[in-house]
Structures are given as C-alpha cells and as structure tokens.
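Trainee: From the sequence below, what's the structure:
(one chain, ligands or ions: 1)
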Amino acid sequence: MAEIKTLAVVGSGQMGSGIAQLGAVHGLDVWLVDTDPDALVRATKSISSSIQRFVSNAHLSQAAGSDALRRLKYTSNLEDLHSVDVVIEAIVESTEVKKKLFSELDKIAKASAILASNTSSISITRLASATSRPCQVIGMHFMNPPPIMKLVEIVRGADTSDETFSLTKALAERFGKIVICSQDYSGFIVNRILMPMINEAFFTLYTGVAMKEDIDAGMKLGTNHPMGPLELADFIGLDVCLSIMRVLHAGLGDNKYAPCPLLVQYVDAGRLGRKRGIGVYDYRKIPEPVKPTPRL
Ligand SMILES: NC(=O)c1ccc[n+]([C@@H]2O[C@H](COP(=O)([O-])OP(=O)(O)OC[C@H]3O[C@@H](n4cnc5c(N)ncnc54)[C@H](O)[C@@H]3O)[C@@H](O)[C@H]2O)c1
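Mentor: The predicted structure is shown next:
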C-alpha cells in the first residue's frame, strides 16, 4: 500500500471515538461504525466538544478543527468500509465477538487493507485466525484518552508481515504517538503490569485493609501516580478491567491473575465506572435539597 488515506474505526465508545478523532485531525477520511445508533450520537457530540477544546486551547486552528469534523462519517453498516485502507477495531473486549467481526471485516475490506485491533489483552494471532489475511492483522493499542495519551503499543501476531508493521508504526507516528512493541502474549506490556495492580487494589478494598480514598491517596502521593488505581479503574471501565483480568488468567494460566470477587460483583451490579455514573465511586449528581419557600 502506497499511502494510508482512509481509516475506519469500529466501535464508537470512549476509545473508538478518540481514535476516529485522531485520524480526522491528522488528515484521514474516517468512517466511525457502531451497531448502536445512540453510541454514534454520543460519539458525534464527544468528538465535536473535544475538538472544540483543542481549538479553545490553541492546540488546533479553527480551520483544522472544522476540516477534521468534515472528514468524519458515521454509520452502522459495515459494508460502507469496502474501500478503506485501514480498519481499527475498538469494540467490546470479547474474543468471540471480536473474532466474528474480524471474519466479517475480512470479507468486506479490500484485499490490501490492514485490520488492526485496539484490544487491551486478547491474542492478535487468535483474531487473525478468523481472517484469510493474518499477515495484515496487527494490534494497535491506544491509551485512554487517545487524543491526549502519547503511547501506542503495537503487537505483532505470529504472521504479521514487516510491511503491515511498518505501515502501522508510521500511522501511529503520524498521529504524534510514541510506539512501543510487544510480543503477542496476554495483556502485552502495559496491561500485563497495570491490571494486576488494579486487581490488587480491589483485593485491598475487599479484604478491608483500607478505604477506597486511602488506597488511591496512597498510590498517588506515595508512588507519584497521577490517578489512584481505583479511580483509574473507574476511568477505564470496570467491565474492561474484568475482561482483561479474565484474559490474563486464562492466557497465562496463573491464579495470581484471578479477578477479585469485588470487581466481579461491581460489574454484575452494573457499576461500570464513570461511563455509568457509578463504579468504585459515585459520580451521579446529587439533587439539590428543596429550599423551603420563605413565608411572607
Ligand atoms: N477503556 C479503556 O481505557 C481502554 C484502553 C485501551 C484499550 N481499550 C480497548 O478498546 C476496546 C473498546 O473499549 P471502550 O472502553 O471504548 O469500550 P466502550 O464500551 O466504551 O465502547 C465499545 C463500543 O463498541 C460497540 N460495539 C460492540 N460490539 C460491536 C460490533 N460488533 N460492531 C460495532 N460496534 C460494536 C458498542 O456499542 C460500544 O459503543 C476494548 O477492546 C478495550 O479493551 C480500552
């Protein structure tokens, strides 16, 4: 492939919308796809307010911001992706759901297209096995939020070609990112280290060692982390954290990766973190108390 000009991002949640924004701001024509039309509406709003913030802070000119918004198209129909150069998948962290999507994308996307996954932990080789083009399948793991965070972790599957790797690395660098490379083992580099720490923070809370505020303050002030591990889990999404722990547990076969029962319970209760308004912490607005009407 000579040059990447068109991008599709599948999954318009917190990661997919940020990746689509990056592509559009860096001059690509972008399709953003989601099966849920409401998610596409939310993504439209969040991308335009994020771009507006970049313009207000003078990190982007008004003209470049407007150009980026014009480059974005939204759809629920995968068939619209037939001519794109690169697809980045950012849907739910489930091997079976992602494999089904990769198999569909393989049939729709043109023969030269690269199929990348933003998976946090799932084997790229396994996703590639659902396609007829494993040499063009690669992991492109952005950090949250993609327009801000500097890192992209690139993961080569067993059959990823050198050409696919070079084009993907060049794309990440065009987005202004620093690239690190990982072998294709569960959790790669970042989540192999980060998620057991978050899981241990849940065990610390679960076994009553300390209150959530003290656990987070301990790690922020004691180890210079910008966010505490429980706060960070809420930011990432507790469902995403739990899925990653399950992939680490199954993929690496060590009980030290077993998810904390409290994390499992929160997810079962729908306490998924900031995106649901409640996770470890409660972000919902408490209604103002009704003021008594003054007597005349
Ligand atoms: N949240 C993070 O901090 C983070 C960081 C790096 C990577 N990731 C990875 O990125 C991916 C997405 O995570 P997220 O936090 O953006 O999730 P999210 O729940 O915010 O968004 C997922 C979106 O995918 C859509 N979707 C689900 N199945 C689909 C399908 N078959 N076709 C099209 N759309 C579909 C959903 O409707 C939803 O809008 C996951 O693989 C996750 O592990 C997440």
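Trainee: contacting residues around the closest residue to the ligand within the stretch 1-150 of the chain?
Mentor: Residue of the stretch 1-150 of the chain nearest the ligand, by CB to the nearest ligand atom: Gly13 (1.9 Å). Any C-beta I mention is one placed from the backbone N, CA and C, and that applies to glycine too. Applying CB atoms under 8 Å, 6 or more residues apart in numbering, we find Gly13 in contact with Asp34, Ala39, Ala43, Ala90, Ile91, Lys275.
Trainee: mind checking pLDDT for it?
Mentor: Listed pLDDT for Gly13 reads 96.
Trainee: next one: the one 10 residues further on
Mentor: Listed pLDDT for Gly23 reads 98.
Trainee: For burial, what's the neighbour tally of it?
Mentor: The local packing of Gly23 (other CB atoms under 10 Å) involves 28 other residues.
Trainee: Name the residues that touch the helix or strand hosting it?
Mentor: Using DSSP states H and E, the element containing Gly23 is helix 14-25. Here helix 14-25 makes contact (CB under 8 Å, 6+ apart) with 7, 9-10, 12, 30, 32, 34, 42-43, 46-47, 50-51, 54, 60, 64-65, 68-69, 71-72, 88, 90-91, 118, 142, 144-147, 175, 237, 275.
Trainee: Stretch 3-11 too?
Mentor: Under CB under 8 Å, 6+ apart, the answer for stretch 3-11 is 16-17, 19-20, 23, 28-34, 78, 80-81, 83-92, 101, 105, 118, 167, 170-171.
Trainee: Would you mind listing what in this structure touches the ligand?
Mentor: With the criterion set to CB under 6 Å from any ligand atom, the chain comes near the ligand through 10-16, 33-36, 39, 90-93, 97, 101, 118-120, 141-142, 144, 236-237, 240.
Trainee: Looking at the contacts of Gly13, state which has the most neighbours.
Mentor: Going by other CB under 10 Å, Ala90 tops these with 28 neighbours.
Trainee: wait, what's in contact with that residue?
Mentor: Val9, Val10, Gly11, Gly13, Met15, Gly16, Ile19, Asn118.
Trainee: thinking again about what came up before, may I see the ChimeraX selection of the buried members of the contacts of stretch 3-11?
Mentor: Selecting only the buried members of these in ChimeraX, with burial defined as 16 or more other CB atoms under 10 Å, works like this:
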select :16,17,19,20,23,28,29,30,31,32,33,34,78,81,84,85,86,87,88,89,90,91,101,105,118,167,171
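Trainee: Let's see which of the contacts of stretch 3-11 end up in helices.
Mentor: Gly16, Ser17, Ile19, Ala20, Gly23, Leu101, Leu105, Leu167, Ala170, Leu171 (DSSP state H).
Trainee: from these, which single one is nearest Tyr281?
Mentor: Nearest to Tyr281 among the ones in helices among the contacts of stretch 3-11: Ser17, at 23.0 Å, using CB to CB.
Trainee: Quick check, pLDDT for that closest one.
Mentor: 98.
Trainee: Which of the residues of the chain next to the ligand fall in strands?
Mentor: Val10, Val33, His141, Phe142 (DSSP state E).
Trainee: Columns pLDDT on top of those, output as TSV?
Mentor: Converted to TSV, these look like this (pLDDT from 0 to 100):
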residue	pLDDT
Val10	98
Val33	98
His141	98
Phe142	98
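Trainee: Tell me which two in the residues you listed are the farthest apart.
Mentor: Val33 and His141 (19.1 Å).
Trainee: mind listing what's buried in stretch 200-210?
Mentor: Ala201, Phe202, Thr204, Leu205.
Trainee: okay, those in JSON lines with secondary structure next?
Mentor: Converted to JSON lines, the buried residues of stretch 200-210 look like this (DSSP: H, G, I helix; E, B strand; the rest coil):
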{"residue": "Ala201", "secondary structure": "helix"}
{"residue": "Phe202", "secondary structure": "helix"}
{"residue": "Thr204", "secondary structure": "helix"}
{"residue": "Leu205", "secondary structure": "helix"}
